[in-house]
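A.B. asks: I'll drop the sequence and a predicted model, then ask my questions.
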Protein chains: 2
Amino acid sequence: MRARDLLTDFPTVALDTPIRETARLMAELDLAGLIVLDDDGLPHSVLPGTQVLALAVPGYCQDDPALARVVDEAHADRFLDDVGDRTVRDALPPRPRELPVTDPDATILEVAALMARTRSPLVAVVEDDRYLGAITLTVLFDRVTGA
Amino acid sequence: MRARDLLTDFPTVALDTPIRETARLMAELDLAGLIVLDDDGLPHSVLPGTQVLALAVPGYCQDDPALARVVDEAHADRFLDDVGDRTVRDALPPRPRELPVTDPDATILEVAALMARTRSPLVAVVEDDRYLGAITLTVLFDRVTGA
């Protein structure tokens, strides 16, 4: 089995995609993170959904989540409005989480080693400077367990 | 909206669940991690799928994933066999990833603040020393974006 046999058409966003749109995508696709492509269409990093929250949730609530309970419920339900028109670029941390990249000929053991080393449940596959898709941890487990 | 309105019946494993079984569960349920309950049935930690790989993939491959390519493909495909009968307890790192816990009355902003603070896309909900389920980041986004 090679990386090309495990590929999925994993969804991506651009650096200037609005944050609200990434939250909608994550909800619709049931994904806790998305792959960010740079301006050349190559994998840049992963945007974890928790980073979207880090941008939207007021700092004093993050410092002490119990303080969040004093915000009235109607306002609390709309907290995501506070991201305004900010984009993926604004949400990425200074040192974005590493997105391992491999080529379509990598063996399944090589992909597993990359995931283990980087603690990333996602590996992007690139060939000839083109993003082909990604391999997810669950697809990899599906193949090695015969589930 | 309160935590009780966002609850899902998130699957759990025990400390002595065999690692092979957790990999099968993750594949079947399409989840990159599972909640580990302790012997009292209370949330203990999260077992990330990448930690299962860290246990199964030989150390020299993790140090240099390119070395994994020299292992012949037939053997590479069966790397998970190497976990033998080891259990969740063996796979957890010395300091397991924090699993935030809240109560059913927490507001959605409080849950979001917990996820942002701990960088966890999962919050366990406990009442009267009983695990009720968990709130996932994607369910939270679903509610706040109206997706």
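C.D. replies: Arrived safely, thanks for sending.
A.B. asks: rest of the way, CA atoms for contacts and neighbours
C.D. replies: Fine.
A.B. asks: is it fair to say residue A:134 lies in a strand?
C.D. replies: Yes. Assessed by DSSP: H, G, I helix; E, B strand; the rest coil, residue A:134 belongs to a strand.
A.B. asks: so what's it bridging to?
C.D. replies: Beta-bridge pairing for residue A:134 (DSSP bridges): residue A:8, residue A:124.
A.B. asks: Local confidence estimate at it?
C.D. replies: Predicted confidence (pLDDT) for residue A:134: 96.
A.B. asks: next one: residue A:117
C.D. replies: pLDDT, read off for residue A:117, is 92.
A.B. asks: Tell me, how many residues neighbour it?
C.D. replies: Here the number of neighbours of residue A:117 (other CA atoms under 10 Å in any protein chain shown) works out to 21.
A.B. asks: How about the contacts made by it?
C.D. replies: B:54, B:62, B:63 (CA atoms under 8 Å, 6 or more residues apart in numbering or on different chains).
A.B. asks: Check the gap between the nearest residue in space to the last one that is not next to it in sequence and residue B:114 for me.
C.D. replies: Excluding its sequence neighbours, the residue lying closest to residue B:63 (CA to CA, 6 or more residues apart in numbering or on different chains) is residue A:117, at 7.1 Å. Counting by CA to CA, to the nearest Å, the separation of residue A:117 from residue B:114 is 27 Å.
A.B. asks: Please apply the same query to residue A:14.
C.D. replies: Counting by CA to CA - residue A:14 and residue B:114 are separated by 27 Å.
A.B. asks: what about these two, which has more around it?
C.D. replies: Taking other CA under 10 Å, residue A:14 and residue B:114 do not tie; residue B:114 has more neighbours (30 against 20).
A.B. asks: Surely the more buried one is in contact with residue B:99?
C.D. replies: No. Residue B:114 lies out of contact with residue B:99 (CA atoms under 8 Å); the separation is 9.7 Å.
A.B. asks: what's the overlap in contacts for those two?
C.D. replies: By CA under 8 Å, 6+ apart, the residues touching both residue B:114 and residue B:99 are B:120, B:123.
A.B. asks: Now the residue nearest to residue A:62 when sequence neighbours are not counted: which helix or strand?
C.D. replies: In this structure, residue A:62 finds its nearest non-sequential neighbour in residue B:113, 4.8 Å apart by CA to CA, 6+ apart. Using DSSP states H and E, the element containing residue B:113 is helix B:108-118.
A.B. asks: what's the weakest-modelled helix or strand in chain A?
C.D. replies: One helix or strand of chain A scores below all others by mean pLDDT, DSSP states H and E: helix A:73-76, with a mean of 81.
A.B. asks: Show me what counts as buried in that helix.
C.D. replies: A:73, A:76 (16 or more other CA atoms under 10 Å in any protein chain shown).
A.B. asks: Residue A:26: neighbouring residues, count only.
C.D. replies: Residues near residue A:26, counting by other CA under 10 Å: 22.
A.B. asks: should've said residue A:81
C.D. replies: Neighbour tally, residue A:81, other CA under 10 Å: 14.
A.B. asks: pLDDT wise, what is the closest residue to it other than its chain neighbours at?
C.D. replies: Leaving aside its chain neighbours, residue A:81 sits nearest to residue A:56 (7.8 Å; criterion: CA to CA, 6+ apart). Residue A:56 carries a pLDDT value of 92.
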